[in-house]
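**Q** Here is a sequence together with a model predicted from it:
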Amino acid sequence: MADSAPVAPERRTALGWGYSRFAVRASGQIVTRAWQRRPAALSTAGRAVQLAGAVTLAAHVAWMWIGGFHSQDGPAHLFAATALGRLLAGDGGLLAAVYEPNLASDPNWITYPLLAAGVRVATPAVVELTVVSLLAIGVAVGLWYAVTATGRRAAPVAVAGLPLAVGWSLHTGLYNFTASVGLMLVVIGYHLRVAERLTMRRGLWLALLLIVLYFSHPLSLAGAYAVIGVASVAVAAAELRCSRAWRSLIRRLAAVTAICAPSGVLMVRFLANPEAIRPRDVPRDVWRSAVDTALFRWPIGAAGHGEAEWATTVAIATWCAVALLLGRRVVRRDWHRWDLLGLLPVATGAAAVLLPDRLAGGTLVQPRLAIFAALTLLLWVAVANAHTRLLGWVGVGLAAVGTVAMGALLHERIEPYRQIDRATAEVLTTAPSIAPGSLVLGAVSARAPGLSSTVPMVHIVDRLLLQADAVPALTLDAGSGYGPIRYRTRFDPQPALRGFPRNRVHRRDLTPQAFANLAGRYATTTGRGVDYVVLVGYDLRPTDVWRFHTLGFRLVRRSMPAGLAWVFAVPSPVRDPASEPSSTVGLAAVGAAQAAPRTRP
């Protein structure tokens, strides 16, 4: 039969080649589609720079333990957490007479339970270092999780943001805010992963994460709202463009509103309290604010030395990457729905620069917004460009710059860490001279010679009194209005200590007579005077010491070898207004003060 006629060899070869080409093409399409469904593979260079970044982060954390890490507000937070634990456990001493727990549903709470639990099983120094290490690692992990939301190819971009994890907020001691930044990045990363397939279960998880974020810090909650809102609009617009169904757009926006509602109610309730925000006029140079924001000097720099140059290096590398990726978009007209995320760094950066002084200065809003501007800029680089092959090389370049900057920042901070550790250790040597259970008024000089410029020792007295088991007459978290403890009405220092600026480094030129007046006014107002006055960083002359003694103050201890801390016992006429004046103390203590060395570390 014709159908069974043999096929010529030439025809068989041609047919076989055709079938082979069809099979290869079909199998190639299957492999390509399967590959596209997987996260983009990391290149060898990408893995190498990620490993190098992790090593530099581990080196930073290790040096915090070896070289001694001390933050500005950390001692105040540590004392507040310890006081909260003791008050809840039923401590009935002087601490309970001066302070009471503040269990209102206010934000800025997330690290206090961890600190309070830690001090029960370890020393305050170990507890603080443990929390600081977790915060630095948490921000780094949160950033990696956020930038890889749309593909693993963007993972190296997270290394460029590692200097932010050990930057300004951590050294300032903003532990709750730093924790909120890491949690905010986790919320953002999770939402970007589920934005296109949002279910009831995922929405509940997202709402729960937002509630936890509220108890971390309200500003980070607002930042999460901004990213979730922009991402939801981007997804809804893409769906509307494809289906032309307005119902899906309304349904998506309603779902996002329902997810944000529980935490939003808490936020509105907090902001409705007139004591929640206490604005303060703090003038600043707008041009300098713009430069510090654009060059990452606020987010990364911990206040000096050679850190500004390396922050600028990271910023320039990031802006070059942005220009390169934007140039590719313009040339190829390859726009993506996640490009709307580019509005966020512009908006947060502009807010950091243009926010009125009365709102920006008093609550340190500007540097925090600058951190958000840097993070959202890296987020746009990673998420909006994850589908491009160019991002692989750009990410490796950014990671290399970030790794070098991390190593350089560590080198710049080694000596300042040693300085502040030595100064802190010297101040803490005066703890045995303070009687346990006493009430102490502390002051720190704004121009204290020899104190590290990296971390001002604003609240070092709280750390000293924690070791001495004494009670401070005023502390940062009790006066903030949303800390874990607050003053009892009788011991509120605001009417009594009008000459003491709250939450600031105290002036160096407060005279002995001024301290005597403050101590006397406090005793008259509260009915219970302070037992000691502790001065840190005051370069007292012999005449100053003599003046203290003529007022009845007794020099108990001066720290050695640099003489950074002075401990004076307050006379009974000042402690108790009803008592009779006592005789002044002789000149022996003045001679001891004159004999003490006046060198600074």
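**A** That came through fine.
**Q** Number of residues surrounding Val227?
**A** 24 (other CB atoms under 10 Å). Placement of C-beta: from N, CA and C, glycine included.
**Q** My reading is that it lies in a strand. Confirm?
**A** No. Using DSSP: H, G, I helix; E, B strand; the rest coil, the assignment for Val227 is helix, not a strand.
**Q** That one touches His191, doesn't it?
**A** Yes. If you go by CB atoms under 8 Å, Val227 and His191 touch, sitting 7.3 Å apart.
**Q** which residues in the stretch 201-350 of the chain form strands?
**A** Using DSSP state E, counting those that start in this stretch, no strands are assigned anywhere in the stretch 201-350 of the chain.
**Q** Tell me where it has helices.
**A** 218-243, 246-271, 286-294, 297-300, 307-332, 343-354 (DSSP state H, counting those that start in this stretch).
**Q** Can you tell me which of those is nearest to Val404?
**A** helix 307-332 (7.9 Å; CB to CB).
**Q** which strands and helices sit next to the closest one?
**A** helix 157-160, helix 162-165, helix 297-300, helix 365-383, helix 390-428 (3 or more CB pairs under 8 Å, 6 or more residues apart in numbering; DSSP states H and E).
**Q** switch the cut-off to 10 Å
**A** helix 157-160, helix 162-165, helix 168-172, helix 286-294, helix 297-300, helix 365-383, helix 390-428 (3 or more CB pairs under 10 Å, 6 or more residues apart in numbering; DSSP states H and E).
**Q** Let me have these in a markdown table, extended by mean neighbour count, mean pLDDT and distance to Val567.
**A** Shown next, in a markdown table, are the helices and strands packed on helix 307-332 (neighbours: other CB atoms under 10 Å; pLDDT from 0 to 100; distance: least, CB to CB, whole Å):
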| stretch | mean neighbour count | mean pLDDT | distance to Val567 |
| --- | --- | --- | --- |
| helix 157-160 | 31 | 96 | 47 |
| helix 162-165 | 27 | 95 | 38 |
| helix 168-172 | 24 | 90 | 27 |
| helix 286-294 | 17 | 86 | 39 |
| helix 297-300 | 26 | 87 | 37 |
| helix 365-383 | 25 | 93 | 34 |
| helix 390-428 | 20 | 91 | 10 |
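**Q** could those go into TSV alongside distance to Thr550?
**A** Shown next, in TSV, are the helices and strands packed on helix 307-332 (distance: least, CB to CB, whole Å):
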stretch	distance to Thr550
helix 157-160	60
helix 162-165	52
helix 168-172	40
helix 286-294	46
helix 297-300	47
helix 365-383	44
helix 390-428	26
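**Q** I'd like to know which of those lies nearest to Val256.
**A** helix 365-383 (17.8 Å).
**Q** so the closest one versus helix 286-294, what angle?
**A** Helix 365-383 runs at 40 degrees relative to helix 286-294, counting by axes from the mean of the first three to the mean of the last three CA atoms, to 10 degrees.
**Q** Quick one: distance of helix 365-383 to the chain centre.
**A** Centre-to-centre, helix 365-383 and its host chain are 13 Å apart (CA atoms, centre = their mean, to the nearest Å).
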